[in-house]
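Colleague: sharing a model prediction with you, sequence too.
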Amino acid sequence: MYIKNIPFKDFKGNPRNKEVQFNLTVREIPKLLNEFNQIFRWQDSLKGDERDLSTDEVIEFYTAFEQVLLTAWGEMSDDGLYFRKTGRYDFEESALFAACMVEFVSNPGETGKLLEAIMPDGMEELVRKAEGSLEKLAQDPTTTDEIKAEIARLQAKIPQQIVAPAE
């Protein structure tokens, strides 16, 4: 769980400050394999000497990070039993979301803290090993049964055969 107060201006120009909460569960990680791998590649590429980034690299990172941030956003119930994500589209359309994106994209240290806090224990290593492949993740001996069950559920949604149209 990652919680942070974000200062921002609403669409009327009024200054505001709001707490945001982000969390991912173990079952959400397989759905974001590609996005996490793009983010990790981006982070790894920034280590070492400073370099110019291509427009494509920036767009890939931004798009992947945006998807992770939107999937992780939610509001914890007062009793701590639920992390509700039903207001995702309201959040996505808010000035608060825009401020969050600016905060995290312009501050790599804060981005790292967020990713570390929302990633369930042991999952970053598994995601890096999987390199975006559900099959690799499912075959890894360190993958939990819970993750394997979620992968099977996701794969069941994918059509087993795509029939080419008749010519």
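Modeller: All right, it came through fine.

Colleague: could you say what helices and strands the helix or strand containing L96 packs with?
Modeller: Using DSSP states H and E, L96 sits in helix 95-106. Here helix 95-106 touches strand 2-9, strand 15-22, helix 55-72, helix 108-118, going by 3 or more C-beta pairs under 8 Å, 6 or more residues apart in numbering; DSSP states H and E. Bear in mind the C-beta positions are built from the backbone N, C-alpha and C, glycine included.

Colleague: mind running it again at 6 Å?
Modeller: Other elements packing on helix 95-106 under the criterion 3 or more C-beta pairs under 6 Å, 6 or more residues apart in numbering; DSSP states H and E are strand 2-9.

Colleague: list the buried residues of the strand it packs on.
Modeller: 2, 4, 6, 8 (16 or more other C-beta atoms under 10 Å).

Colleague: can I get those residues in a markdown table with distance to R41 and pLDDT?
Modeller: Below are the buried residues of strand 2-9 laid out as a markdown table (distance: C-beta to C-beta, whole Å; pLDDT from 0 to 100):
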| residue | distance to R41 | pLDDT |
| --- | --- | --- |
| Y2 | 21 | 96 |
| K4 | 25 | 96 |
| I6 | 26 | 97 |
| F8 | 29 | 97 |
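
Colleague: now, among those residues, which is nearest to D44?
Modeller: Ranked by distance to D44 (C-beta to C-beta), the buried residues of strand 2-9 are led by Y2 at 21.1 Å.

Colleague: that closest one bridge partners, please.
Modeller: Note on Y2: beta-bridge partners by DSSP bridges are F22.

Colleague: and it, what does it touch?
Modeller: Counting by C-beta atoms under 6 Å, 6 or more residues apart in numbering, Y2 touches 22, 114, 117-118.

Colleague: picking that back up, the helix holding L96: how far from the chain's middle?
Modeller: 14 Å (C-alpha atoms, centre = their mean, to the nearest Å).

Colleague: so what touches that helix?
Modeller: Looking at helix 95-106 with C-beta under 6 Å, 6+ apart, the contacting residues turn out to be 6, 8, 10-11, 18, 91, 110-111.
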